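Asks: What follows is a predicted structure for the sequence shown.
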Amino acid sequence: MNLDSTEVLLLVEDNPNDVMLFRRALSKVGSATDLHVVRDGEEALAYLRGDGFFADRSLHQLPGLILLDLKLPKKSGHEVLAWLSRQPGLKSVPVVVLSTSLQTADITSACELGANSYLVKPVLFDDLVETVRALDHYWFQLNQRPKTL
């Protein structure tokens, strides 16, 4: 884990119940991660660009990890991935797709657009806790990222 500052996790999720469950799971694993939530693809792009409400980078730091749903209003997760792949300063931010879709086309497309991992949302809360624990451990403790993040 980066000891210089709190790690930021950007959750891009439109379902308020999924957000609430994710917050509970993150709390249950005792993560020190600072969770930021946006509700649609356009809001995700605004956050990542630092536009409007998200302009103050002291409040809305660039994330060390993006958890991205695919089925989003305004811009889909696939559109967010395509945009990210064209951003030189953001290409190294890891993106994990967290979706209910098991469709081969969704998985293939997400990976081709640059997703670092594709996970299916767990149905049971205990499974979600274990998924969050594994994500937190791997991406924020074991994984090495460029110093610019």
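Replies: It's in.
Asks: quick one, what contacts the residue lying closest to residue 116 once chain neighbours are set aside?
Replies: Among residues not flanking residue 116 along the chain, residue 94 sits closest, at 4.5 Å (Cβ to Cβ, 6 or more residues apart in numbering). In short, each C-beta sits where N, CA and C put it, glycine included. Contact analysis of residue 94 by Cβ atoms under 8 Å, 6 or more residues apart in numbering lists 64, 65, 66, 116, 117, 139, 143, 145.
Asks: Kindly confirm whether my reading is correct that the fourth one touches residue 96.
Replies: Yes - in this structure residue 116 lies within contact range of residue 96 using Cβ atoms under 8 Å: 6.2 Å.
Asks: neighbour-wise, which of the two wins?
Replies: When residue 116 and residue 96 are compared for neighbours, residue 96 comes out ahead with 19 against 15, by other Cβ atoms under 10 Å.
Asks: quick check, that one in a strand?
Replies: Yes - counting by DSSP: H, G, I helix; E, B strand; the rest coil, residue 96 falls inside a strand.
Asks: quick thing: my sequence starts at 24, can you match it?
Replies: Okay, using 24 as the starting number, the last item reads as residue 119.
Asks: My guess is it contacts residue 91. True?
Replies: Yes - with contact defined as Cβ under 8 Å, residue 119 reaches residue 91; the gap is 7.1 Å.
Asks: Residues that sit against both of the two, list them.
Replies: residue 138.
Asks: can you pull out the strands in the protein?
Replies: 31-35, 57-61, 88-91, 118-122, 140-143 (DSSP state E).
Asks: Right, I'll leave it there.
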